[in-house]
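Asks: quick check, what structure comes out for this input:
(2 chains)
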2 protein chains.
Amino acid sequence: MSPNNPVLSHHISSQFNEELQDVNTKFMTMGGMVEQQVANAIHALLDTDAAMAVDVQFQDNTVNRLESEIDEALTLILARRHPAAIDLRMVLAMSKANTDLERIGDEASKIARIAQTLCEEGGSPRGYMETRHIGNQVRVMIHDALDAFARLDVDQALRVMQADADIDREYQSATRTLMTYMIEDPRHISRVINVLWVLRSLERIGDHARNISEQVIYMVKGLDVRHSSVEEIEQKFQR
Amino acid sequence: MSPNNPVLSHHISSQFNEELQDVNTKFMTMGGMVEQQVANAIHALLDTDAAMAVDVQFQDNTVNRLESEIDEALTLILARRHPAAIDLRMVLAMSKANTDLERIGDEASKIARIAQTLCEEGGSPRGYMETRHIGNQVRVMIHDALDAFARLDVDQALRVMQADADIDREYQSATRTLMTYMIEDPRHISRVINVLWVLRSLERIGDHARNISEQVIYMVKGLDVRHSSVEEIEQKFQR
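Replies: Numbers count the residues shown, from 1 in each chain, chains lettered A, B, ... in the order given. As a prediction, this is how the structure comes out:
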């Protein structure tokens, strides 16, 4: 497990090591799960798969349970082991990133709920191309952010943050396109608005992937980069 | 400062006490600030006050800085003081609630940005009544959640969670009303959609106030109630 992660092998206490490993494994499991939830929610929407839409919403319970278990494990580590330096930063970074993963699960559920509605009402091909495109990108962002977390890879984390800036631009452009559709053909307003909500959720998921990447940089470098641009962060690194 | 908060006075080390007090004061300052930001953002929107809209967005920098300072102070407390029991829970609850306060600030900024746009384009009286109503309610929720945090008041925290359920219902109803406006009068679609985004932000702010209240319950009772209904929580208390 995590052979490339130096934080998870340097402890004198093998018990402490094991506890950190366990919570890290759980965190990565939860990460893989929400990544899949996002993929499935978009699939359910674009391929009008109502059964899958229901399944994604149901799965959210498992993600919620994992969030609680991870926070409980982290609290126990803090109470018993008094971690310091990078160990402490890993615990705190995981605690913050844990919240982001759970929120990604929530957004996937929201998308799935809309997918279910659109399955019943009849789909809206308007904006589906944009949804597929942005959906794929944020899925990759979640994957890369988790990978950066597992390997303490600051460069990868920076790339995810850069990708988030791209997503924000594409989201703005897709929103304008959908607005034009609505004005041209007001009969489909309610369906197109549902697609707008989906895009909004995807944009939020991108933000959460960015947040997780910021925690990677905090963990490795001890720097709080939450309100800095990628350029500002790169300048900080050069100092 | 916080005469009713028993956590902030029971420590043998007066240095530790002081550190907890300081971060608590900062947290409450930040809370008061975001509450005001929400009020100002809504005011800017409803009274087409462009200068205030700009001001709210500018203020977000201060909130962001406070978020970083609070997390830094909490990390130092963990590293130096190894808090246990309710002290540890207070530090962790504040760390989570800190993120929620910052997000409330972000949503207030989003509302202010929309207010600025609508000031330039000409306002949309459609949905303003709903915005005023829901806006007032979430502002009270933030206030009450912070008050519950300051006084470790579990009953107050539960009332905030109950209020969030009301907000969610009113938000659904307001969204439906706005949808009807758009279908009836498609010329104003883009302005009405801006009001929809505002309502969405207000609904998110309500969620964050709920999150802060959940942290109050965690802090006082040691129970993780993040994925429980108010009824389920009350049953847990009776056990």
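
Asks: surely A:Arg204 and A:Glu107 touch.
Replies: Yes. Using C-beta atoms under 8 Å, A:Arg204 is in contact with A:Glu107, at 5.3 Å. For every residue, glycine as well, the C-beta is placed using N, CA and C.

Asks: what kind of secondary structure is A:Arg226 in?
Replies: What DSSP: H, G, I helix; E, B strand; the rest coil gives for A:Arg226 is coil.

Asks: so what's the residue count around it?
Replies: A:Arg226 has 18 neighbouring residues, counting by other C-beta atoms under 10 Å in any protein chain shown.

Asks: picking up where we left off before, A:Arg204 and A:Glu107: which has the busier surroundings?
Replies: Here A:Arg204 and A:Glu107 are compared on neighbour count by other C-beta under 10 Å; more neighbours surround A:Glu107, at 24 against 18.

Asks: how much does the one helix or strand the more buried one maps to deviate in direction from helix B:85-121?
Replies: Assigned by DSSP states H and E, A:Glu107 belongs to helix A:85-121. Going by axes from the mean of the first three to the mean of the last three C-alpha atoms, to 10 degrees, helix A:85-121 is angled at 50 degrees with respect to helix B:85-121.

Asks: could you give the average pLDDT over helix A:85-121?
Replies: For helix A:85-121, mean pLDDT is 96.

Asks: grab the nearest non-local neighbour of A:Ile134.
Replies: Distance criterion C-beta to C-beta, 6 or more residues apart in numbering or on different chains; nearest residue to A:Ile134, sequence neighbours excluded, is A:Leu202 at 4.9 Å.

Asks: which intervals of chain A have sub-threshold pLDDT?
Replies: Counting by pLDDT under 70, the ranges of chain A that qualify are A:1-4, A:12, A:123-124.

Asks: the residue nearest the centre of chain A and A:Glu231, how far apart?
Replies: By C-alpha atoms, centre = their mean, chain A has its centre lying nearest to A:Ala209, at 4.1 Å. Distance of A:Ala209 to A:Glu231, computed by C-beta to C-beta, to the nearest Å: 19 Å.

Asks: one more: A:Val140?
Replies: 22 Å.

Asks: the more surrounded of the two?
Replies: Comparing A:Val140 with A:Glu231 by other C-beta under 10 Å, the one with more neighbours is A:Val140, at 14 against 9.

Asks: for the more buried one, list the residues it contacts.
Replies: With contact set as C-beta atoms under 8 Å, 6 or more residues apart in numbering or on different chains, A:Val140 has these partners: A:Ala163.

Asks: report the contact partners of A:Val91.
Replies: Going by C-beta under 8 Å, 6+ apart, A:Val91 touches A:74, A:77-78, A:83.

Asks: dump the residue contacts of the residue in chain A that chain B sits nearest to.
Replies: Chain A approaches chain B most closely through A:Pro186 (3.8 Å), counting by C-beta to the nearest C-beta. Taking C-beta under 8 Å, 6+ apart, we find A:Pro186 in contact with B:182-183, B:186, B:189.

Asks: apply 6 Å and report the result again.
Replies: B:Pro186 (C-beta atoms under 6 Å, 6 or more residues apart in numbering or on different chains).

Asks: over to the spatially closest residue to A:Arg89 that is not a sequence neighbour. Which of the three states is it?
Replies: Among residues not flanking A:Arg89 along the chain, A:Met219 sits closest, at 4.8 Å (C-beta to C-beta, 6+ apart). Assigned state for A:Met219: helix (three-state reduction, three-state DSSP).

Asks: neighbours of A:Met219, how many?
Replies: Look at A:Met219: counted by other C-beta under 10 Å, it has 26 neighbours.

Asks: I am assuming it contacts A:Met90, so please confirm or correct that.
Replies: Yes. Under the criterion of C-beta atoms under 6 Å, A:Met219 makes contact with A:Met90 at 5.4 Å.

Asks: can you list the residues of chain A near chain B?
Replies: Contact residues (C-beta under 6 Å from any C-beta of the partner chain) of chain A with chain B: A:64, A:68, A:79, A:82, A:84, A:88, A:179, A:182-183, A:186, A:189-190, A:224, A:227.

Asks: tell me which of those residues fall in helices.
Replies: A:64, A:68, A:79, A:88, A:179, A:182-183, A:189-190 (DSSP state H).

Asks: show me which of those is closest to B:Phe237.
Replies: A:Ser68 (17.6 Å; C-beta to C-beta).
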